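Participant: What shape does this take:
(one chain, ligands or ions: 2)
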Amino acid sequence: MNCIFCQIIKREKPAKIYCEDKEIIVFSDIFPRALIHLLVCPKTHYLSLMDIPDELLLGLFKKIREMAKELNIEDNFRVLLNNGALSGQIVEHLHFHFMSNAS
Ligand code: AMP
Ligand code: ZN
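Facilitator: Ligands and ions are numbered 1, 2, ... in the order given. I've put the predicted structure just below:
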């Protein structure tokens, strides 16, 4: 499959990886639109939020909460999901944008 995020997960493409575990990887957006702009992705390729198991959805949001704590921005971050090409999804591998302008 020609998916750029799968290639990052397999280390076939470079990325600035913030953290990863068995199921989730977080790396910097290549064109950041905030001081902190990370992409939170499941390691398994899913196109849409409608496709992912509930436990994985919970895992992604737990990771987001963990990151907010680690980065000390619990009260100053945004989460964005473009779900579907019509909404502006360009990369067809589900990902949450995690953004903050906290410095
Ligand atoms: P979306 O419109 O939600 O699909 O957003 C895709 C995001 O992926 C954009 O913010 C891009 O800047 C980002 N992106 C595309 N290619 C890469 C890459 N190779 N490494 C990191 N981020 C990327
Ligand atoms: Zn993929």
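Participant: Which residue would you name as the spatial centre of the chain?
Facilitator: With distances taken as C-alpha atoms, centre = their mean, residue 40 lies nearest the centre of the chain, 1.7 Å away.
Participant: what's the host helix or strand of that residue packed up against?
Facilitator: Assigning secondary structure by DSSP states H and E places residue 40 in strand 36-42. Where contact means 3 or more C-beta pairs under 8 Å, 6 or more residues apart in numbering; DSSP states H and E, strand 36-42 is packed against helix 4-9, strand 24-28, helix 54-70, strand 96-100. Any C-beta I mention is one placed from the backbone N, CA and C, and that applies to glycine too.
Participant: So what's the residue count around the closest residue to the residue nearest to the centre of the chain other than its chain neighbours?
Facilitator: Distances taken as C-beta to C-beta, 6 or more residues apart in numbering put residue 96 closest to residue 40, at 4.4 Å, once the chain neighbours are dropped. Residue 96 is flanked by 20 other residues according to other C-beta atoms under 10 Å.
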